[in-house]
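[1] The following block contains a protein sequence and its predicted model.
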Amino acid sequence: MGVNIALAEKKGLDKSKYDKLVKNYMYLLEYYINSKIDLSKYDELIKNSDLYFGINTKYQSLNEYFSFNYIFLINNLFVEKLSIKELELLDSFNDVVNNELIDLVDRTYKEVIFDNFNNGNYQDNVSKVCYGSLIPSHMVDNNALVFKIYFGKNKIDLSGKEFIELTEKQYSFLDDIANKIKEDIRNKLNTNCEVLIEKDIY
């Protein structure tokens, strides 16, 4: 699974141009999602909970349009699937979002997030891909919008039984948030959605 390099090169996309177009598309995709669903309410629920969720800045640079503390869109984007005309429109984006750009995302994002290029061919079937280290909890459907709830070291120092009890409560709380996000995405965008949860203890 991954980028169709031959197709990207055929469309004149070297690495710097490709990276720029991915960045543009991610901004527009986040903008589009935000126009349909208020994900900020979930970020605020985590922030304002009494479960001492720390904020880790590791993923802050992933935000293009979103400005959340805990929730991040982490999809790989395969912009080489866009037509030459669509790529030119995407390349013209200069921080001013217009209807033409939103229409582009609305029409194409399900294909752009679909990680289905394998062994030289595009495959229509849904399969699993890995986001992160190769463990079962990081395996997600290759046609899904993929979010990660990412939090840092606890805001309070605990050890032993108290630490274990807090950790159990944190993950239970975040599992509920993740399920609500998935339900929102599926109901309002009619799109498959996966939500990963990760804690950075450093």
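    All right, it came through fine. Source: prediction; values computed, not measured.

[2] Can you tell me which residue is spatially central in this structure?
    The residue lying closest to the centre of the chain (C-alpha atoms, centre = their mean) is residue 73, at 2.1 Å.

[3] list the contacts for that one?
    26, 29, 30, 33, 62, 66, 145, 146, 147 (C-beta atoms under 8 Å, 6 or more residues apart in numbering). Bear in mind the C-beta positions are built from the backbone N, C-alpha and C, glycine included.

[4] what about the strands in the chain?
    Ranges of strands in the chain, per DSSP state E, are 71-73, 117-118, 121-122, 128-130, 139-141, 145-151, 193-199.

[5] Quick check, pLDDT for residue 124.
    For residue 124, the pLDDT comes out at 86.

[6] Go ahead and confirm it touches residue 116.
    Yes: with contact defined as C-beta atoms under 8 Å, residue 124 reaches residue 116; the gap is 7.0 Å.

[7] More neighbours: which of those two?
    Shown here are residue 124 and residue 116; by other C-beta atoms under 10 Å, residue 116 has more neighbours (20 against 7).

[8] tally of neighbours for the closest residue to residue 145 other than its chain neighbours?
    In space, and not counting its chain neighbours, residue 145 is closest to residue 193: 4.9 Å by C-beta to C-beta, 6 or more residues apart in numbering. Residues near residue 193, counting by other C-beta under 10 Å, number 19.

[9] Perfect, that will be all.
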